[in-house]
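S.K.: Give me a 3D structure for the following:
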Amino acid sequence: MNETSKKLKIAFLVERFPKLSETFILNQISYLIEAGHKVDIFPAGKSEETKVHDEIHRLGLLQHTFYPPKVPQNKIWAWLKFFVLVNIKQAVRKLVKLLDSQDFYHNQDMIRRLYLISLFYPFISKNKYDIIHCHFGPTGLRAVFVRSLGLLDGKMLTTFYGYDITHRAMGENYYQNLFSNSDIFIVISNFIREKAISAGFDKNKIVVLPIGVNPGEFIPHKQKTDKNCIRLLSVARLVEKKGLYYSISAFHQLVELHPNTFYDIVGDGELMKPLMELVTFLGLEEKVFFHGEKKKVDIINFYRNSDIFVLPSITGSDGNSEGQGLVLQEAQAMQLPVIATLHNGIPEGVMDGITGYLVPEKDINALQIKMKYLIEHPRVRKDMGNSGRKFIEHKFDNFHLGKKLEKIYTDLL
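M.R.: Below is the predicted model of the structure:
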């Protein structure tokens with residue numbers, strides 16, 4: 001039997017599902033299902049987003065997604081739901097009996113008890129998997145507890161992506177229970193690997209596996225509606241660590257010299273309003289456009305209609321930072337030159353001076369210089385774009401990364 005001939009039963013534990021920004025998880029699920037493996041998905045809760053990527057429906061993923069039941073916030077309704085569940089469903093009685101053996105359970109109020117029952121309920125009767133793959137460190141801790149109750153069995157691995165190892169909330173002993181209860185740890189960059197080792201993880205249990213793209217989806221033919229203008233693009237959640245304040249400020253320094261230049265920002269988040277206010281303050285309302293969250297097919301069209309991609313990531317005030325910045329690989333696959341920062345794992349996914357430029361964090365002047373250079377040098381843009389496509393095909397092709405993930409799984413069995 002070769003390394004991929006056995007079809008595996010795999011549990012994916014995630015935070016929220018589906019999420020537009022987490023295409024990297026969706027890509028892994030898609031690859032595994034198309035390779036013939038069975039994947040069940042266990043989110044901690046439902047995403048509040050109304051848009052989903054097309055693969056969700058094409059692969060019927062929601063039929064294999066097991067959500068925790070919703071917990072009423074009203075104490076009376078919570079008590080009634082608890083009473084009904086315990087007295088009608090034998091599986092819930094079994095779960096309550098398991099939780100009753102845990103000291104912490106008795107110290108919780110009714111709503112908190114029901115929340116715990118809800119959180120573990122999807123695992124009743126599922127139990128045995130070949131692989132339990134947890135995405136993000138806190139999800140790994142949830143899986144450790146589920147396994148301790150005997151509700152989940154299988155080889156376990158946890159992937160760390162960025163905030164879950166760099167955020168200051170993840171203190172020195174935060175992952176103590178995970179060290180000995182996860183068979184292996186995947187990190188998406190060597191930067192995250194070093195952070196994990198510093199946090200106490202066994203370096204012999206860490207595997208570096210970046211997240212990638214499907215080059216066949218990101219076809220870089222141009223379809224610009226106005227070939228006389230230059231369009232810059234950022235695709236990002238509008239949060240502090242994405243650093244969009246700095247790219248907008250840098251862009252502001254260019255518009256007088258290059259009036260036919262525009263900046264599209266795709267994404268949503270808590271900083272939408274402050275960033276829009278910044279654009280208004282700088283008088284850029286007719287130059288900078290916010291488009292909100294978009295599905296993959298729409299994002300690909302933005303790439304096709306753009307000339308330069310910008311991701312000015314920074315380390316947030318809470319320590320939160322990028323692990324890799326997958327949109328940089330998407331943009332390079334679309335033959336766009338990229339401008340990003342010398343930030344954490346980003347230099348592992350951009351060839352500085354070859355597929356784009358890397359500048360120091362928060363350096364508005366350096367961003368402006370590189371933007372200006374690429375605007376004024378179309379031949380450099382084209383050469384960098386061609387190099388970027390080859391780089392992504394060689395190092396970040398999801399098919400090859402999927403094969404490596406399968407081998408990680410089978411090596412555990």
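
S.K.: Number of residues surrounding the closest residue in space to F123 that isn't next to it in sequence?
M.R.: Closest residue to F123 apart from its sequence neighbours, by Cβ to Cβ, 6 or more residues apart in numbering: L151 at 4.1 Å. Where C-beta positions appear, they are placed from N, C-alpha and C, glycine not excepted. For L151, the neighbour count with other Cβ atoms under 10 Å is 20.

S.K.: can you give me the helices in the stretch 151-300 of the chain?
M.R.: Per DSSP state H, counting those that start in this stretch, the stretch 151-300 of the chain carries helices over the ranges 163-166, 176-179, 190-198, 244-252, 272-281, 296-304.

S.K.: which SS state does D318 fall under?
M.R.: Using DSSP: H, G, I helix; E, B strand; the rest coil, the structure places D318 in coil.

S.K.: Leaving out the residues flanking it, which one is nearest to it?
M.R.: For D318, the closest residue by Cβ to Cβ, 6+ apart turns out to be R168, at 5.5 Å.

S.K.: The one you found contacts S317, doesn't it?
M.R.: No: counting by Cβ atoms under 8 Å, R168 stays clear of S317, with 9.1 Å between them.

S.K.: ok, now which ones touch F201?
M.R.: 175, 179, 185 (Cβ atoms under 8 Å, 6 or more residues apart in numbering).

S.K.: no wait, L157
M.R.: Shown in contact with L157 (Cβ under 8 Å, 6+ apart): 131-134, 182-186, 408, 412.

S.K.: What's the separation between it and H135?
M.R.: 10 Å (Cβ to Cβ, to the nearest Å).

S.K.: now do I354
M.R.: Distance from I354 to H135, by Cβ to Cβ: 31 Å.

S.K.: who's more crowded, these two?
M.R.: Neighbour totals were compared for I354 and H135, and H135 leads with 25 against 14 (other Cβ under 10 Å).

S.K.: For beta bridges, what are the partners of that one?
M.R.: Beta-bridge partners recorded for H135 (DSSP bridges): T159.

S.K.: how many neighbours does K390 have?
M.R.: 14.

S.K.: quick one: it is in a strand?
M.R.: No: looking at K390 with three-state DSSP, it is helix, so not inside a strand.

S.K.: Against D383, how distant is it?
M.R.: Counting by Cβ to Cβ, the gap from K390 to D383 is 11 Å.

S.K.: same thing with K94?
M.R.: 63 Å.

S.K.: same thing with R16?
M.R.: For R16, the distance to D383 - Cβ to Cβ - is 40 Å.

S.K.: Please apply the same query to G45.
M.R.: 46 Å.

S.K.: So, low pLDDT: which residues of the chain?
M.R.: Residues of the chain meeting the criterion pLDDT under 70: 1-5, 82, 85-88, 222-225.

S.K.: S125 contacts A91, doesn't it?
M.R.: Yes: applying Cβ under 8 Å, one finds S125 in contact with A91, separated by 6.4 Å.

S.K.: So for the two, which sits in the more crowded spot?
M.R.: Neighbour count, other Cβ under 10 Å: between S125 and A91, A91 has more, with 11 against 8.

S.K.: What's the local residue count around L8?
M.R.: 20.

S.K.: got the domain boundaries for the protein?
M.R.: 9-66+126-212+398-412, 230-395 (automatic domain parsing).

S.K.: residue boundaries of the strands in the stretch 201-350 of the chain?
M.R.: Counting by DSSP state E, counting those that start in this stretch, one finds strands in the stretch 201-350 of the chain at the ranges 206-208, 230-235, 261-266, 288-290, 308-311, 338-341.

S.K.: what's the fifth one in contact with?
M.R.: Outside of strand 308-311, the residues within contact range by Cβ under 8 Å, 6+ apart are 230-236, 242-243, 247, 263, 303, 325, 327-328, 331, 336-341, 346, 356, 367, 371, 374-375, 381.

S.K.: and it, which strands flank it?
M.R.: In the sheet containing strand 308-311, its partner strands are strand 230-235 (parallel), strand 338-341 (parallel), by DSSP bridges.

S.K.: what does the fourth one give?
M.R.: The partner list of strand 288-290 in its sheet, established with DSSP bridges, is strand 261-266 (parallel).

S.K.: What about the closest residue to T315 other than its chain neighbours, how many residues nearby?
M.R.: Leaving aside its sequence neighbours, T315 sits nearest to S321 (Cβ to Cβ, 6+ apart; 4.6 Å). For S321, the neighbour count with other Cβ under 10 Å is 23.
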